[in-house]
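*Asks:* coordinates for the following, if possible.
(one chain, ligands or ions: 1)
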Amino acid sequence: MHVIHQRYVAYSEAHYAGNLVDGAYGLALFGDAGTHLAIVTDGHEGLFAGYSSVEFLAPVRGGDVIEVEARLAAKGTRSRTIDFELRVIARSVDGTGAAEILAEPIVATRARGTGVVPANREGSAA
Ligand SMILES: C[C@H](N)CC(=O)SCCNC(=O)CCNC(=O)[C@H](O)C(C)(C)COP(=O)(O)OP(=O)(O)OC[C@H]1O[C@@H](n2cnc3c(N)ncnc32)[C@H](O)[C@@H]1OP(=O)(O)O
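*Replies:* All right, here's what the predicted structure looks like:
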């Protein structure tokens, strides 16, 4: 089970030299994709308990088009282990507005985290 969100990264999201977007930007998108996945798997937005790993592998830049995948890796009683990946799928060529779809997506961020179905959720089996 997985969900994928795609979006354009506005130039105004860049925070550091070189048009670089901060890592927290991707983590916020992981939260949204994880919430979407929780709705699909459990009919509830869930609550995110934490990340066991986060890796920033390549830069995300203003003008990129990215996709964020949340994939169910394991299911506990109420816990849901989720693997996340942020990939750059299109990028500005020269800053003039010219841009290209990348032949191979660039994996920019990977993470593993745990979402939890609340105990008091109406209709929860837990
Ligand atoms: C994705 C969301 N829609 C949006 C967000 O991200 S919200 C923003 C940040 N998150 C929050 O504000 C949540 C704040 N935390 C809580 O409300 C609670 O801590 C919790 C609901 C996440 C867990 O509380 P509780 O239900 O009392 O936990 P437990 O009964 O102890 O455990 C239930 C299961 O969850 C597993 N677990 C709990 N904490 C962690 C953790 N830090 N890391 C990994 N796993 C955790 C625990 O092992 C239980 O698993 P099983 O049900 O046995 O599988």
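
*Asks:* and Ser92, how far from the ligand?
*Replies:* Between Ser92 and the ligand the computed distance is 31 Å (Cβ to the nearest ligand atom, to the nearest Å). In this view, the C-beta of every residue, glycine as well, is placed from N, C-alpha and C.

*Asks:* any buried residues in the helix or strand containing Arg112, and which?
*Replies:* Per DSSP states H and E: Arg112 is located in strand 99-116. For strand 99-116, a neighbour-count test (16 or more other Cβ atoms under 10 Å) marks Ala99, Ile106, Ala108, Thr109, Arg110, Ala111, Arg112, Gly113, Thr114, Gly115, Val116 as buried.

*Asks:* and if you look at stretch 29-38?
*Replies:* Leu29, Phe30, Gly31, Ala33, Gly34, Thr35, His36, Leu37, Ala38.

*Asks:* looking at those, which are in helices?
*Replies:* Of those, the ones assigned to helices by DSSP state H are Leu29, Phe30, Gly31, Ala33, Gly34, Thr35, His36, Leu37, Ala38.

*Asks:* check the residues you listed and tell me the two furthest apart.
*Replies:* The span of those, defined through Cβ to Cβ, is set by Leu29 and Ala38 at 14.8 Å.
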